[in-house]
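# quick one, what's the 3D model for this:
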Amino acid sequence: MSYADAIRPVRNQLRKYSYVSVLGELSQFIRTESTAKDGKVHAPWLAERLAVWVLRDDVRMYGRQPISQQDLGRCIDSSWGVMNHAFPGFSPTRSFHLTLRSLVMPQVPHQRKQELGPFARQIDLINQLQPTSHLYRLFENTLGMPPMDFLGMATLFRQHSLENISRVVDADYRVGLWQVFGKGPVERFYQTMLVPRDVTAQQMCEVSPDEWFQPNVLYRSPFTSFNKMWFFWGRCGLDRNLGYALSDIVGRSEDSGVRQAFEKLFEAYVGRSLALTGVEVLGENEVRTRFAVVGQCCDFAVLEGSNVVLLEVKNKALTHTLPANGTARDYASKLSATVKKADAQVRNVEAFVKKTLPNADVHKVVITYGDFFAAETDQLFTTAADQFASDNPVYMLSADHLDRLVEAVRLGQCQFASFFLDYTQRRGEPETRLLLLSELLNEKPYLGPELPAHLYEIYEPFYEKLAERAQPKQNGAGIDSEVASPPVS
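Here you go, the predicted model:
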C-alpha cells in the first residue's frame with residue numbers, strides 16, 4: 001500500500017465534517033496533547049500529519065456537520081493503523097539506525113522542552129554584525145525590519161501566544177505592538193506568522209511519504225489563516241520557525257558570500273563556547289601547525305591531558321528539504337558538502353595527531369547548528385542494517401548540546417574529553433548503550449542547568465532593552481513586561 005493510498009480512507013472520513021471544525025479540533029488536539037502531564041501516552045504529532053492532509057485538500061469536498069473530539073480521535077487512531085501497512089521499515093538501504101531514527105523523529109520535539117540555545121545564538125549573531133554588512137542587510141530586507149526588532153517581537157509573540165492564543169489574535173494586542181515596534185514591521189511579522197491556507201496547500205501540494213517522519217512538518221506555517229480565522233499548530237512548529245529564522249534565511253540564499261559569513265560567525269560562536277572550558281583549545285591554523293596536518297583540517301582541537309577532541313563545525317540543521325526517511329545514499333548526497341565533508345576532515349586530522357601523539361585517545365566530533373537526531377555520522381551514511389556502531393566513530397552533537405556540555409565542564413562536574421570517552425565505553429555494552437550522544441547530558445555528572453551561564457549573559461541585556469522599550473507603552477497597549485527577564489531553568 002502506498003502512502004497516498006493509506007491517506008485516502010482517513011481523509012474521506014474527515015471529509016464528512018465541516019472544514020473549519022476539522023481544522024479547529026486538530027489545532028485544539030495538538031495544543032491539549034502537547035501540554036498534557038497525566039503520564040498517559042499522547043500523540044500530538046499524529047494530528048500534525050492529519051492537519052497537513054486537510055490543509056492541502058479541496059475545501060469544497062467537506063460537509064457541514066461539525067466534527068466531535070471522539071470522531072477526530074477515531075480518525076487519528078485510524079491514521080496510525082493504516083501507516084503500519086504503508087511503510088516497509090527495514091530494507092537493504094535502510095539500516096537499523098535510519099529506520100529507528102525515522103520512527104522517533106516526529107515525536108522528539110514534543111518530548112523536549114523549548115530549546116533556548118537557537119534563539120540566543122540569533123541574538124548573539126546580530127550583536128556581532130555591523131548594520132552595513134551584507135549579511136545584516138539580507139536579514140533586514142528579508143524580515144522587513146531591523147533583525148533585533150524581529151527578535152524582540154518574536155519573544156513577546158511566542159510567550160503570549162502560548163499563554164493565551166486569543167490574546168495575540170485580539171486587535172488591541174496588535175495595536176499595542178504597533179506602539180512599540182511600528183505598524184509596518186508588526187504587520188510584516190504577522191504576515192510571516194499567519195500563513196493563508198492556500199499558500200500552505202501550494203507548499204505541500206505533493207503527497208510525500210517523507211512528511212510522515214518530518215520532526216516539524218508545519219514549521220513553515222505555525223499559524224494558518226482561513227476565512228478570517230486562525231489555527232495554531234502548536235509550540236514545536238512555532239519554536240522551530242522563530243528559533244531558526246535567521247539560519248533559514250541564509251539557507252534559502254544562493255549567495256555563497258552570505259553563507260560563508262554565517263558559517264564563520266557560527267564557528268566563532270563555538271570557539272567562544274569552547275574557550276569557557278578552561279582547557280587548551282586550538283583553532284584551525286594552530287591544529288595544522290601543531291600536528292603538521294596536510295590536506296583537510298578541522299576547526300578546533302581540545303587538548304586535555306592525553307585526550308584530544310577534534311571538532312569540525314557545520315552550519316547545518318534539519319529542514320523540510322532534507323529527507324526524514326531517507327536512505328544512506330540520500331544522506332551521503334544531501335550532506336556531501338557539510339556533515340560528510342566534516343567526517344572526512346576530522347578523520348584526516350586524526351591520522352596526523354596519531355603520528356605526533358601515538359598514545360593519545362582521539363575523539364572526533366561534528367558540531368551542527370541543529371540536532372540531527374543521530375549520534376554518529378556512520379548512522380547516516382552506512383547501509384549495514386546489522387551494524388549498531390562503527391569501529392571508528394565520528395560523533396555528532398548540536399551546538400545546543402555542546403553548550404550544555406561546556407557548562408558542565410565549566411562548573412567542574414566533568415572533563416570535556418571524558419564525556420566522549422564515557423559514551424564510547426557505553427556504546428559497547430547493551431545494558432548501558434544510549435541511542436543518542438545527547439542523551440548522556442541527562443545523566444550525572446553531565447546533567448546541568450537548561451540555560452548555561454553564557455547563554456543567560458546573552459539573554460539578559462536583550463530582555464532589559466526589550467523591557468525598557470515596551471514599558472512606556474505598557475498601560476492600555478496590551479503588552480506587559482512579564483517577559484522582561486531571561487528564561488531560567
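# sketch out the low-pLDDT regions of the stretch 301-450 of the chain for me.
Scanning the stretch 301-450 of the chain for pLDDT under 70 picks out 383-390.
# all strands of this protein, in order?
With strands called from DSSP state E, the chain shows them at 194-196, 223-226, 229-232, 280-282, 300-304, 307-314, 361-368, 395-398.
# tabulate these (a markdown table), appending mean neighbour count.
Heads up, the C-betas are built off the backbone N, CA and C, glycines and all. Formatted as a markdown table, the strands of the chain follow (neighbours: other C-beta atoms under 10 Å):
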| stretch | mean neighbour count |
| --- | --- |
| strand 194-196 | 17 |
| strand 223-226 | 20 |
| strand 229-232 | 18 |
| strand 280-282 | 18 |
| strand 300-304 | 21 |
| strand 307-314 | 25 |
| strand 361-368 | 23 |
| strand 395-398 | 24 |
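# save these as TSV, and put in distance to Asp124 too.
Output for the strands of the chain, formatted as TSV (distance: least, C-beta to C-beta, whole Å):
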stretch	distance to Asp124
strand 194-196	28
strand 223-226	27
strand 229-232	29
strand 280-282	18
strand 300-304	18
strand 307-314	15
strand 361-368	16
strand 395-398	16
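# which of those strands sits closest to Glu33?
For those, proximity to Glu33 was assessed by C-beta to C-beta; strand 229-232 is nearest, at 13.3 Å.
# list of residues touching that closest one?
20, 23-24, 26-27, 31, 161, 165, 169, 194, 222-225, 238 (C-beta atoms under 8 Å, 6 or more residues apart in numbering).
# Gln413: which of the strands of the chain is closest?
Closest approach to Gln413 among these is made by strand 300-304 (14.5 Å; C-beta to C-beta).
# re earlier: from the contacts of strand 229-232, which has minimum pLDDT?
The member of those with the lowest pLDDT is Ile165, and it reads 81.
# tell me the spacing between that residue and Gln28.
10 Å (C-beta to C-beta, to the nearest Å).
# and for Asp343?
The separation that Asp343 has from Gln28, given C-beta to C-beta, amounts to 44 Å.
# neighbour count for those two, which is higher?
Taking neighbours as other C-beta atoms under 10 Å, Asp343 and Gln28 compare with Asp343 leading, 22 against 15.
# hang on, Arg11 packs against Leu55?
No: between Arg11 and Leu55 there is no contact under C-beta atoms under 8 Å: 11.5 Å.
# who's more crowded, these two?
More neighbours surround Leu55 than the other of Arg11 and Leu55, with 25 against 17 (other C-beta under 10 Å).
# list the contacts of the more buried one.
23, 197, 200-201, 204, 221, 224.
# repeat the analysis, applying 7 Å as the threshold.
By C-beta atoms under 7 Å, 6 or more residues apart in numbering, Leu55 lies in contact with 197, 200-201, 204, 224.
# Gly278 now?
Counted by C-beta under 7 Å, 6+ apart, Gly278 has contacts Arg410.
# for it, give its distance to Glu312.
Gly278 sits 22 Å away from Glu312, going by C-beta to C-beta.
# just Met83 next, same as before
Remark: distance between Met83 and Glu312 (C-beta to C-beta) = 37 Å.
# go on, Leu265?
Counting by C-beta to C-beta - Leu265 and Glu312 are separated by 16 Å.
# same check, this time on Phe381
Remark: distance between Phe381 and Glu312 (C-beta to C-beta) = 15 Å.
# who wins for most neighbours among the contacts of Leu55?
Counting by other C-beta under 10 Å, top hit in those: Thr224 with 23 neighbours.
# who's in contact with it?
Contacts of Thr224 (C-beta under 7 Å, 6+ apart): 23, 55, 195, 197, 200, 231.
# list the contacts for the third one?
Spelled out, that is Val195. Contact partners of Val195, counting by C-beta under 7 Å, 6+ apart, are 221, 223-225.
# export those to CSV and tack on distance to Arg272?
Formatted as CSV, those follow (distance: C-beta to C-beta, whole Å):
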residue, distance to Arg272
Ser221, 35
Phe223, 35
Thr224, 39
Ser225, 41
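# name the nearest of the residues you listed relative to Val270.
Distance to Val270 across the contacts of Val195 (C-beta to C-beta) is lowest for Ser221, with 31.2 Å.
# can you give me the helices for the stretch 151-300 of the chain?
Secondary structure of the stretch 151-300 of the chain (DSSP state H, counting those that start in this stretch): helices at 165-169, 171-181, 183-193, 197-203, 235-243, 245-252, 256-275, 284-290.
# show me what counts as buried in the shortest one.
This points to helix 165-169. Using 16 or more other C-beta atoms under 10 Å as the burial criterion, the residues of helix 165-169 that qualify are Val168.
# show me what that helix is packed against.
Applying 3 or more C-beta pairs under 7 Å, 6 or more residues apart in numbering; DSSP states H and E, one finds that helix 165-169 contacts helix 147-163.
# ok, and what's touching the helix it packs on?
122-123, 126, 136, 139-140, 143, 167-168, 177, 181, 185-186, 189, 193, 232, 235, 238, 242, 246, 466, 479, 483.
# which among those residues end up buried?
Here, 16+ other C-beta under 10 Å leaves 122-123, 126, 136, 139-140, 143, 168, 177, 181, 185-186, 189, 193, 232, 235, 238, 242, 246, 466, 479, 483 buried among the contacts of helix 147-163.
# tell me the domain ranges of the chain?
Listed domain ranges for the chain are 3-86, 254-442 (source: automatic domain parsing).
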